[in-house]
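[1] Attaching a predicted model along with its sequence, questions to come.
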Amino acid sequence: MQAQQRNIDVISNNLANVNTTGFKRSRADFQDLLYQNLRAAGAATSQAGTAVPVGIQLGHGVRNVSVSKLFTQGDYVQTGNELDLAIEGQGFFQITLPDGQTAYTRDGTFKLDNTGQMVTSDGYVLQPGITLPQDAMAVAIEPSGIISVKQPGTAALAQLGQLQVADFINPAGLTAIGRNLYTESEASGAAVAGNPNENGFGAIQQGFLEMSNVNMVEEMVQMIASQRAYELNSKSIQTSDSMLGTIGSLKR
């Protein structure tokens, strides 16, 4: 029952973030527990060499061993906002936290602060730092991450900088810290940074956002199955208690 409750908690969090930009759904993984061996398979049944073909093993339940993040691609939504970015493929945007630590995100809803720097909705600075000039009339970001701006009096775009993304050998090992951010861990491996649309990194799509990869129908089906499993487990406890009560009430 405890394992099924945890599974429902994971599913509930997925459903709560169905509209969260760049959110990646989680999945609870389970293992069966130790078995009580009442009769070993292959045990001898006679001196003639006959043996038990199938033994008797009683399982002792289930346990939750992990809650994995599934980094499958979410759907794209076109916003038309020139600072909204999506990564088509592998990679994460790099963000500088207030304590100087680097965090990673798939949420590309960037904005400008009072100095013209590209920042997240919480004001965390995008790495490498990109500062737009005050007179910038338009911003163009190529799939390769090259950022250019159009300024008054010039017909050509002026190249401003190069956006980079990072990836990990095991993204599922990243530590989620909330606010659509992840930090690296020993399980994820070290971050490998590079230019978008090169060496396996995804391409940048300007004017798009990657939405959550949560499938509502799939999550609801799993929630119903978990709820039924929880109810059946509670019924088995009630049945066992009733049987023990019957045994206790027997009279000689």
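    Everything's here; your move.

[2] Against residue 172, how distant is the residue nearest to residue 66 when sequence neighbours are not counted?
    Take residue 66 and drop its neighbours on the chain: the residue closest to it by Cβ to Cβ, 6 or more residues apart in numbering is residue 29, 4.6 Å away. Every residue, glycine included, has its C-beta placed from N, CA and C. Distance of residue 29 to residue 172, given as Cβ to Cβ, to the nearest Å: 11 Å.

[3] Pick out whichever of those two has more residues nearby.
    Each of residue 29 and residue 172 has its neighbours counted (other Cβ atoms under 10 Å); residue 172 has more, 16 against 11.

[4] ok so, going back, within its sheet, name the partner strands of the host helix or strand of the residue nearest to residue 66 and how each one runs.
    Assigned by DSSP states H and E, residue 29 belongs to strand 26-32. Strands that pair with strand 26-32, judged by DSSP bridges, come out as strand 62-69 (antiparallel).

[5] Past the partner strand, which element shows up next along the chain?
    Toward the C-terminus from strand 62-69 - assigned by DSSP H and E - lies strand 76-78.

[6] Check which helices and strands that next one is in contact with.
    Counting contacts by 3 or more Cβ pairs under 8 Å, 6 or more residues apart in numbering; DSSP states H and E, strand 76-78 is packed against strand 208-210.

[7] Listing partners with orientation, what would you give for the strand it packs on?
    strand 76-78 (antiparallel).

[8] Report the mean confidence score over the helix or strand following the strand it pairs with.
    Per DSSP H and E, the first helix or strand lying C-terminal to strand 76-78 is strand 85-88. For strand 85-88, mean pLDDT rounds to 95.

[9] Need the contact partners of strand 85-88.
    The contact list for strand 85-88, computed with Cβ atoms under 8 Å, 6 or more residues apart in numbering, reads 73, 76, 93, 106, 108, 110, 141, 143, 163, 165, 196, 202-206, 208-210.

[10] For it, which strands pair with it and how are they oriented?
    Here strand 85-88 is paired, per DSSP bridges, with strand 203-206 (antiparallel).

[11] Restricting to C-alpha, output the strand it pairs with in PDB.
    Presented in PDB, the C-alpha positions along strand 203-206 are these (Å, rounded to 0.1, in the frame of the first residue of the first chain):
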ATOM      1  CA  ALA A 203      19.100  23.000 -32.500                       C
ATOM      2  CA  ILE A 204      17.700  26.200 -31.200                       C
ATOM      3  CA  GLN A 205      14.200  27.200 -32.300                       C
ATOM      4  CA  GLN A 206      13.400  30.800 -31.800                       C
END
